[in-house]
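Participant: sequence and predicted structure, then a few things I'm wondering about:
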Amino acid sequence: MQNKLLMLTLSVLLLGGCANRHSADRFDQATNDNALRQSPPLLSSRSKPLEQGVHIARYSVVSPTPTIAQQDVLKVMVTVNMPGPIVTVGDAIHHLLKPSGYALARFDAQGPEVIQLLNLPLPAVHRKLGPMPLQEALLTLASPAFRLYTDPVHRLIAYDLKPDYQLELAP
């Protein structure tokens, strides 16, 4: 009696497994047929190409293009605490520029007002900056009286006194 019961159980399990396998095959075939019917038409040479991304995780796709900060280094976000040895505005500017690859233009290429600015003591409020774009941090250190010029070819920055402030300094 136990043999018959064992044989009957094995038969049911085997038949059930086969039935599931055949239904799974039918499901796979139906899915493949639907995928073929729903696939997008081939792009002609006149069509707009699809935006492509790079999968970095199961549900994460990133664009394979440089970020804004990678394209324009002065737009990178910075947060900085000035170390103790930095005592002048010029020291702080050099410290900010060091990781960017940019440098401050020669002093003789800038006006006397800029040289005076760079030798001023660093205000306590400027010892901690950010988060802000590097360009804004450089302008913050200089004050609203100065404009920032950039030379992306040589990776140099320079300051110039704004015309409104030049009039105030005239005797």
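Facilitator: Arrived safely.
Participant: please enumerate the helices of this protein.
Facilitator: 2-38, 68-71, 89-97, 112-119, 134-142, 163-169 (DSSP state H).
Participant: which one of those helices has the lowest average pLDDT?
Facilitator: Here these differ in mean pLDDT, and the lowest is helix 2-38 at a mean of 56.
Participant: got the buried residues for stretch 90-100?
Facilitator: Using 16 or more other Cβ atoms under 10 Å as the burial criterion, the residues of stretch 90-100 that qualify are Gly90, Asp91, Ala92, Ile93, His95, Leu96, Leu97, Ser100. Heads up, the C-betas are built off the backbone N, CA and C, glycines and all.
Participant: how about residues contacting it?
Facilitator: When contacts are taken as Cβ atoms under 8 Å, 6 or more residues apart in numbering, the neighbours of stretch 90-100 outside the stretch itself are 73-74, 76, 78, 80, 82-83, 85-86, 103-104, 117-119, 122, 126, 129, 134, 137-138, 141-142, 157.
Participant: now swap in stretch 143-160 and tell me
Facilitator: Residues outside stretch 143-160 that contact it (Cβ under 8 Å, 6+ apart): 73-74, 97, 101-105, 109-111, 113-114, 117, 135, 138-139, 142, 161-162, 165.
Participant: that stretch: end-to-end distance?
Facilitator: Using Cα to Cα, to the nearest Å, the gap from the first to the last residue of stretch 143-160 comes to 11 Å.
Participant: which of the residues in that stretch are buried?
Facilitator: For stretch 143-160, the neighbour count (16+ other Cβ under 10 Å) marks Phe146, Thr150, Leu156, Ile157, Ala158, Tyr159 as buried.
Participant: then stretch 98-110?
Facilitator: Applying a neighbour-count criterion of 16+ other Cβ under 10 Å, one finds Ser100, Tyr102, Leu104, Ala105, Gln110 buried in stretch 98-110.
Participant: show me what the third one is bridged to.
Facilitator: So the one you mean is Leu104. Listed by DSSP bridges, the beta-bridge partners for Leu104 are Ile157.
Participant: residues contacting it?
Facilitator: Gly90, Ile93, His94, Leu97, Leu118, Leu156, Ile157, Ala158.
Participant: what's the separation between it and Asp91?
Facilitator: Taking Cβ to Cβ, to the nearest Å as the criterion, Leu104 is separated from Asp91 by 11 Å.
Participant: try the fourth one
Facilitator: Shown here: Ala105 relative to Asp91, a distance of 16 Å by Cβ to Cβ.
Participant: cool, and Pro121?
Facilitator: 10 Å.
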